[in-house]
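Student: Structure for the following, please:
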Amino acid sequence: MLADTKTGWPHRFIAGSLCLDFINTIDLPGTPKERDLVADYGALIAWSVARATMMPATGKKLLRLANAAPADANHALADALELRSAVRQLAEAVQTGGDLSPLLPGINAHLARLVSPPRLLPTARGQGAAYDLPGRNLAEPLWPILWTLSTLLVSDDLRKLGTCHAQDCRAIFIDHTNNRSRIWCASDLCGNRERVRRAYRARQVKGTSLKSN
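Tutor: Just a heads-up that it's a prediction; the model follows:
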């Protein structure tokens, strides 16, 4: 995925849903190049601010709390990563027609600790909005993920999930094309990379065929 130059976050947000963008914070999953972009609580805050789920001032408050209570911050991070894994399992089960029932109790356990969504605040230059989170609870980064997840699970978009077809990518997204034809997380990155790879392979096959003749 491409860098988001507006936020400094290393990847562009392409999933079409906040909770799915959180899935995609594992880069190249299941490969030797796998990289967790949320490796610590500070990175979780950085993602939240970049994704505009919280204001920068809230992020600073939570980082101060995390520095004062590192064990609690690690617990909050562990909860977030557990949730991320559960959301990916849900997304993959949906795409394969699997049964979601065994996965819902774990999601419900997270939802049971959720608070009601707060008001929204305009982001810089008024071109978006962020949740007005108080910055008093280390679990606050999880709240917007859960709010959007619960909405997704009961929406028609749940049956429109797709996975990038590029080698090693596995980014999840909502496919809003009319004929469900989206195969890349980003055509200008994964799509171009795969087209170059396929062209290279075709040239290799052609070269081998000419030598054999």
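
Student: rest of the way, CA atoms for contacts and neighbours
Tutor: Will do.

Student: List phi and psi for A130.
Tutor: phi -130, psi 150 (degrees, to the nearest 10).

Student: Can you give me the neighbour number for it?
Tutor: Using other CA atoms under 10 Å, A130 is surrounded by 21 other residues.

Student: Roughly how far does it sit from E92?
Tutor: Here A130 is placed at a distance of 28 Å from E92 (CA to CA, to the nearest Å).

Student: repeat for I26
Tutor: The value you get for I26 to E92, if CA to CA is used, is 15 Å.

Student: Where is the longest helix in this structure?
Tutor: helix 70-95 (DSSP state H).

Student: average model confidence for the following helix or strand past that helix?
Tutor: Per DSSP states H and E, the first helix or strand lying C-terminal to helix 70-95 is helix 104-111. Regarding helix 104-111, the rounded mean pLDDT is 94.

Student: Just the CA coordinates for stretch 25-35, please, in CSV.
Tutor: Provided in CSV are the C-alpha atoms of stretch 25-35 (Å, rounded to 0.1, in the frame of the first residue of the first chain):
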residue,chain,number,x,y,z
THR,A,25,-1.7,-2.7,10.0
ILE,A,26,0.1,-6.0,9.5
ASP,A,27,2.2,-5.5,6.4
LEU,A,28,2.8,-8.5,4.1
PRO,A,29,1.2,-11.0,6.6
GLY,A,30,2.4,-14.6,6.6
THR,A,31,5.5,-13.8,4.6
PRO,A,32,9.2,-13.5,5.6
LYS,A,33,8.8,-9.7,5.2
GLU,A,34,5.8,-9.5,7.6
ARG,A,35,5.9,-6.3,9.6
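
Student: residues touching E34, list them.
Tutor: The contact partners of E34, by CA atoms under 8 Å, 6 or more residues apart in numbering, come to I26, D27, L28.

Student: Was I right to think the second one contacts D21?
Tutor: No: checked against CA atoms under 8 Å, the pair D27 and D21 is beyond contact range at 11.5 Å.

Student: Which one's more surrounded, these two?
Tutor: Higher neighbour count among D27 and D21: D21, with 22 against 19, using other CA under 10 Å.

Student: Could you look up the SS state of that one?
Tutor: Taking DSSP: H, G, I helix; E, B strand; the rest coil as the rule, one finds D21 in the helix state.
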